[in-house]
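Trainee: make a model of this:
(chains A, B, C and D)
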Amino acid sequence: MEKKLMPLKEAIERFVSDGDKVALGGVGRNRCPMDAVREIIRQGKKNLHLIGREKGLDFDMLIGAGCVSKVSFALISLEEFGLAPNFRRYAQEGKIEIDEHACGSIINSIRASAMGIPCIPVKGFIGSDVLRHSKTIKEFICPFTGEKLVLVKALNPDVAIIHAHKADEYGNVQLFGSPWEDIYMAKAAKKVIVTVEEIVPHEEVKKNPHLTAIPYFYVSAVVHAPRGAYPTSCDSYYNYDDEHIKEYVQLAKTPEGFQEYLKKYVYKE
Amino acid sequence: MEKKLMPLKEAIERFVSDGDKVALGGVGRNRCPMDAVREIIRQGKKNLHLIGREKGLDFDMLIGAGCVSKVSFALISLEEFGLAPNFRRYAQEGKIEIDEHACGSIINSIRASAMGIPCIPVKGFIGSDVLRHSKTIKEFICPFTGEKLVLVKALNPDVAIIHAHKADEYGNVQLFGSPWEDIYMAKAAKKVIVTVEEIVPHEEVKKNPHLTAIPYFYVSAVVHAPRGAYPTSCDSYYNYDDEHIKEYVQLAKTPEGFQEYLKKYVYKE
Amino acid sequence: MEYKVSELMISLMAREIKDGDKVLQGLYSPMPMIACLLAKHFHAPNMVFFNTADAVDPDPSEVPFSTAGPKLQENCVAYLPLAEVFDLAQRGELSLIFLGAAQVDMYGNTNLSVIGDFSRPKVRLPGGAASAFLCGFMDTVIWVPRHNSKVFVEKVSFITGQGYINGWDTRERLGIPKGGPRKVITNLCVMDFEPKTKKMRLVSVHPGVTVDDVVNNTGFDLIIPDEVPTTEPPTKEELEFIRSIDPNNVRELEFK
Amino acid sequence: MEYKVSELMISLMAREIKDGDKVLQGLYSPMPMIACLLAKHFHAPNMVFFNTADAVDPDPSEVPFSTAGPKLQENCVAYLPLAEVFDLAQRGELSLIFLGAAQVDMYGNTNLSVIGDFSRPKVRLPGGAASAFLCGFMDTVIWVPRHNSKVFVEKVSFITGQGYINGWDTRERLGIPKGGPRKVITNLCVMDFEPKTKKMRLVSVHPGVTVDDVVNNTGFDLIIPDEVPTTEPPTKEELEFIRSIDPNNVRELEFK
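Mentor: Next up is the predicted model:
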């Protein structure tokens, strides 16, 4: 087994390329890989195609920083803090390509990618304008039952970036609590960056193999990033910081304000 | 939450009906639900359609006891002890319907059932006579990529019967070690019987929710059945009993000998 | 006992849950979250409660602001990724989900995607989360904290979540198996859908609200029955539970 | 150092594994199981070893008789259900699997289903396990412990596992992306497939075996190159490892 523990800078340099399809873990303002998001912005990656289910700050920051050319998503919002300002701005100005999904299609698209199949049947969607505008969801009749469904295309992310609780230096990842799509993403992507709160000795992994949620061979880089999800939450370590998010919303109302936010919280590191 | 702890007799009476599609957990001579198999034979269930991946003694006994009209499988064998004698006899005499699969189709068929979709794309099979003879696997072209694959029909088991390590009386199941298809089966079937080595207090489940492999609402009946997988293994509790399997093979060579085996090990209980 | 409209709406949503139901609560769903806990605490103890924290039957000491937050894992019996809750839905085993909307039309179609043109929208909304998927085959209850004619419109700009599409038997004709919006619960009233035409119909007005208030704040012709009762207010026990589990007024989030 | 043919075959199978390969060992596969452990111990430390116990990289103190037995979980780093190993295979990330057969023809097609008619067979065999699936898109190595003309037949009764079907470019014409049997390892020799015709070809004969022995025990015309070397025997270190990890002679199971 190869040691994959490396600094965040190296992980992003080596495993995120301009133009990559990038799946980001977490949901809403919970366990999003924010340290990685900040590093991607610092490295000025371009033309990323972001993939995620119900995303917020992470997507909005990357969009505002000009890193993103396309988004595949079911929802991008700051929950009670309102619409995601950069996402809204870029979408309304036609500056990013919109691949709108519902949770059921984006999740199954990631799952199909993990399963190594090019598409997967999914229920629902018929009658929704989401289907009418989609290039990645098509109507389909089951040849066994005659049932009308849709087929969702596997999005096959190039990179998955997730923030987890623990890993050993080889990339055996322990992920407790809400899994969201993180495990599927790690199995779906060609390259996988995992930032973790704690690095644990390999012996601890071997003592509890049933706790290994993502075995090492899926993982390209392990980064020790305590509080790496901040200002989103990492359950059993820290909660989200709503004051920070409020400041974000206030500043990101304008492109200039967003630059100020980046200066204060991203470029300073 | 409803208490679902009940004697094996009641579980089989209530949740296994003649004609049911029955998925059995475990692989080879490991963690098969043998207590349940013996009880099904004692209750003389008929016309069962058995579903499983790589099965042995469990399928062979049920077939020999006349409980089975159809089998969906990738392999039925007694490993180094040879061909499964009852399966072989019944198949050669045309007394059971054969739905031959490979592991990849039977697993994905169970998985599709768990996912609630009527079919699922799978690679492989093209060029195999398994495909030519199958009514549940069809060629398929992906409308997104043009790739040639097959679609496997969801078999939708009526009942899944698995033997696990621990559960509480509500049916929250903890399953350590090799999962095989057991968890998928429990999520795929309409009715689920879980026999377990140990009943644990509900508090223990709540202390370790990440260990709950099958949450209670999937489960119809929990049966306390220590050594319930015997003579197959239950990892960390007991190993398979190869002497018993040798005796089985010796006796089951003839229908009369098999009846003798049943008298000695099944009807006596 | 005095109560706020958020508390009334929570009580109404809870009443949509029957004992034994399997219910999913989504992201940014503060009132549905509390409604699920309320139902489970009182009349639906055997309800299976799924949430956006992927926790099964959590029993939190208090509710969090983010409805996917860590607090929503407390005292759960298992974790189940949303993927598998959706699998249950596809198997026909999920009973109900509460869905929000920026626009709702008379057939219960909802929009959470765009105001204006899809490719160059006037307002880019967040997206419908589970809507286009789940509304295509299961029962939903729509909740609207601000009942006005900007929300209740003649025609939505974009059907994110399928209601009854063009009404009548449109769903059947499109091959949509079943389901559809069952109720619409707002800060003014409760509405359902007339069985034949599938047009939205007033069921009850909240205490202090008149039928005219509802009509004047709805941008299409609502079916008004001859008699419109007043909505049953929450009980003292319900209010006590809501206030004890929500000391931080998470339930007021959508009214600020 | 003296050795048994099982030990030679294990060594030959191990040599098919390159460092970094992801290899799956199936049910009733005693020699492949030991070959995987051997390869990982010596020349392929970075191999990812999957087995029928669903354990990733187990490092057992000794090998069990059932190749899905609990011993094959010892010292593993994770459990991965076979479903997900197959997902990896579908993603093109599984390197190799060893497959058995009751019959093999000159194009490497294998039969584990029936001798005779499918619906009323003369002999109902166990079924091909992973064969029809994995042989359809990935590299396989076939092992045959008893090389004779009942096993190596002109035409298999039933193609369970796809070899090169009718040879030449049949796989390509059927739309089978890649893969196919790479080697056939028997108790007499090693064979591969001539690149153009895809006919089976002798690679080497085991020490003490003649080319005639192979030809006389093969039911079709095998391609015999002008020079047929003798198979490289296992090393002393390999033999020591095999014997230490297999004190109960699990490796002899298929020769009894």
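Trainee: so residue A:46 sits in a strand?
Mentor: No. For residue A:46, which was evaluated using DSSP: H, G, I helix; E, B strand; the rest coil, the result is coil, with no strand membership.
Trainee: contacting residues around it?
Mentor: A:18-19, A:66-67, A:69 (C-beta atoms under 8 Å, 6 or more residues apart in numbering or on different chains). In this view, the C-beta of every residue, glycine as well, is placed from N, C-alpha and C.
Trainee: for residue C:124, see how far away it is.
Mentor: Using C-beta to C-beta, to the nearest Å, residue A:46 is found at 22 Å from residue C:124.
Trainee: repeat that for residue A:2.
Mentor: Separation of residue A:2 from residue C:124 (C-beta to C-beta) stands at 43 Å.
Trainee: and for residue C:23?
Mentor: 30 Å.
Trainee: over to residue C:175?
Mentor: Relative to residue C:124, and taking C-beta to C-beta, residue C:175 is found at 30 Å.
Trainee: try residue A:136
Mentor: Taken as C-beta to C-beta, the span from residue A:136 to residue C:124 is 19 Å.
Trainee: higher neighbour count, these two?
Mentor: Taking neighbours as other C-beta atoms under 10 Å in any protein chain shown, residue A:136 and residue C:124 compare with residue C:124 leading, 24 against 19.
Trainee: which one is the more buried one nearest to, not counting chain neighbours?
Mentor: Computed as C-beta to C-beta, 6 or more residues apart in numbering or on different chains, the closest residue to residue C:124 that is not its neighbour in sequence is residue A:91, at 3.7 Å.
Trainee: and the pLDDT at the nearest residue to residue C:99 once chain neighbours are set aside?
Mentor: Leaving aside its sequence neighbours, residue C:99 sits nearest to residue C:140 (C-beta to C-beta, 6+ apart; 5.1 Å). Looking at residue C:140, its pLDDT is 97.
Trainee: tell me the residues of the stretch 51-200 of chain C that contact chain B?
Mentor: Counting by C-beta under 8 Å from any C-beta of the partner chain, the stretch 51-200 of chain C comes close to chain B at C:55-57, C:73, C:75-80, C:84, C:87-92.
Trainee: next up, the contacts around the spatially closest residue to residue C:256 that is not a sequence neighbour.
Mentor: Distances taken as C-beta to C-beta, 6+ apart put residue A:80 closest to residue C:256, at 7.7 Å, once the chain neighbours are dropped. Taking C-beta under 8 Å, 6+ apart, we find residue A:80 in contact with C:28, C:30, C:65, C:253-254, C:256.
Trainee: how about residue A:121, what does it touch?
Mentor: Per C-beta under 8 Å, 6+ apart, neighbours of residue A:121: A:140, A:142, A:149-152, B:117-120.
Trainee: if we go to 7 Å?
Mentor: Contact analysis of residue A:121 by C-beta atoms under 7 Å, 6 or more residues apart in numbering or on different chains lists A:140, A:142, A:149, A:151, B:117, B:119-120.
Trainee: tell me the secondary structure at it.
Mentor: Under three-state DSSP, the three-state class of residue A:121 is strand.
Trainee: equivalent analysis for the one 4 residues further on, please.
Mentor: For residue A:125, the reduced secondary structure class is coil; criterion used: three-state DSSP.
Trainee: next up, phi/psi of it, please.
Mentor: phi 80, psi -30 (degrees, to the nearest 10).
Trainee: give me the number of residues near it?
Mentor: 27.
Trainee: give the contact list for it.
Mentor: A:105, A:131, A:137, A:150, C:132-133, C:136.
Trainee: ranges for the helices of chain A?
Mentor: Along chain A, counting by DSSP state H, helices occupy A:8-15, A:34-42, A:57-64, A:85-92, A:103-115, A:129-133, A:182-188, A:202-207, A:242-251, A:255-262.
Trainee: which stretch among these comes nearest residue B:265?
Mentor: helix A:202-207 (37.9 Å; C-beta to C-beta).
Trainee: count of neighbours near residue 203?
Mentor: Since no chain was named, I'll use chain A. Counted with other C-beta under 10 Å, residues neighbouring residue A:203 total 8.
Trainee: wrong one, I was asking about chain C
Mentor: 17.
Trainee: was I right to think it contacts residue C:192?
Mentor: Yes. Residue C:203 lies in contact with residue C:192 (C-beta atoms under 7 Å); the separation is 5.2 Å.
Trainee: state the distance from the residue sitting furthest away from the middle of chain C to chain A.
Mentor: When each C-alpha in chain C is compared with the mean C-alpha position (C-alpha atoms, centre = their mean), residue C:120 comes out farthest, at 28.8 Å. Distance, residue C:120 to chain A, using C-beta to the nearest C-beta, to the nearest Å: 5 Å.
Trainee: how close does the closest residue to that residue other than its chain neighbours get to residue C:119?
Mentor: Once flanking residues are discounted, residue C:120 sits nearest to residue A:94: 5.1 Å by C-beta to C-beta, 6+ apart. Applying C-beta to C-beta, the value for residue A:94 to residue C:119 is 7 Å.
Trainee: show me where chain C has its helices.
Mentor: Going by DSSP H, chain C shows helices at C:5-15, C:30-41, C:82-90, C:131-134, C:170-174, C:211-216, C:236-245.
Trainee: just send the ones you listed back as a markdown table, with mean neighbour count, distance to residue B:12 and mean pLDDT too.
Mentor: Below are those laid out as a markdown table (neighbours: other C-beta atoms under 10 Å in any protein chain shown; distance: least, C-beta to C-beta, whole Å; pLDDT from 0 to 100):
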| stretch | mean neighbour count | distance to residue B:12 | mean pLDDT |
| --- | --- | --- | --- |
| helix C:5-15 | 24 | 39 | 98 |
| helix C:30-41 | 26 | 32 | 98 |
| helix C:82-90 | 24 | 25 | 98 |
| helix C:131-134 | 32 | 36 | 98 |
| helix C:170-174 | 15 | 40 | 96 |
| helix C:211-216 | 14 | 56 | 98 |
| helix C:236-245 | 17 | 42 | 98 |
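Trainee: distance to residue D:5 added to the ones you listed, as TSV?
Mentor: Below are these laid out as TSV (distance: least, C-beta to C-beta, whole Å):
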stretch	distance to residue D:5
helix C:5-15	72
helix C:30-41	66
helix C:82-90	48
helix C:131-134	58
helix C:170-174	66
helix C:211-216	87
helix C:236-245	72
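Trainee: and stretch C:97-116, end to end?
Mentor: End-to-end distance of stretch C:97-116 (C-alpha to C-alpha, to the nearest Å): 27 Å.
Trainee: repeat that for stretch A:183-195.
Mentor: Rule used - C-alpha to C-alpha; the end-to-end distance of stretch A:183-195 is 13 Å.
Trainee: how about the residue of the stretch 1-150 of chain A found nearest chain D, nearest residue that isn't a chain neighbour?
Mentor: Closest contact between the stretch 1-150 of chain A and chain D, by C-beta to the nearest C-beta, is at residue A:116 (2.8 Å). In space, and not counting its chain neighbours, residue A:116 is closest to residue D:90: 2.8 Å by C-beta to C-beta, 6+ apart.
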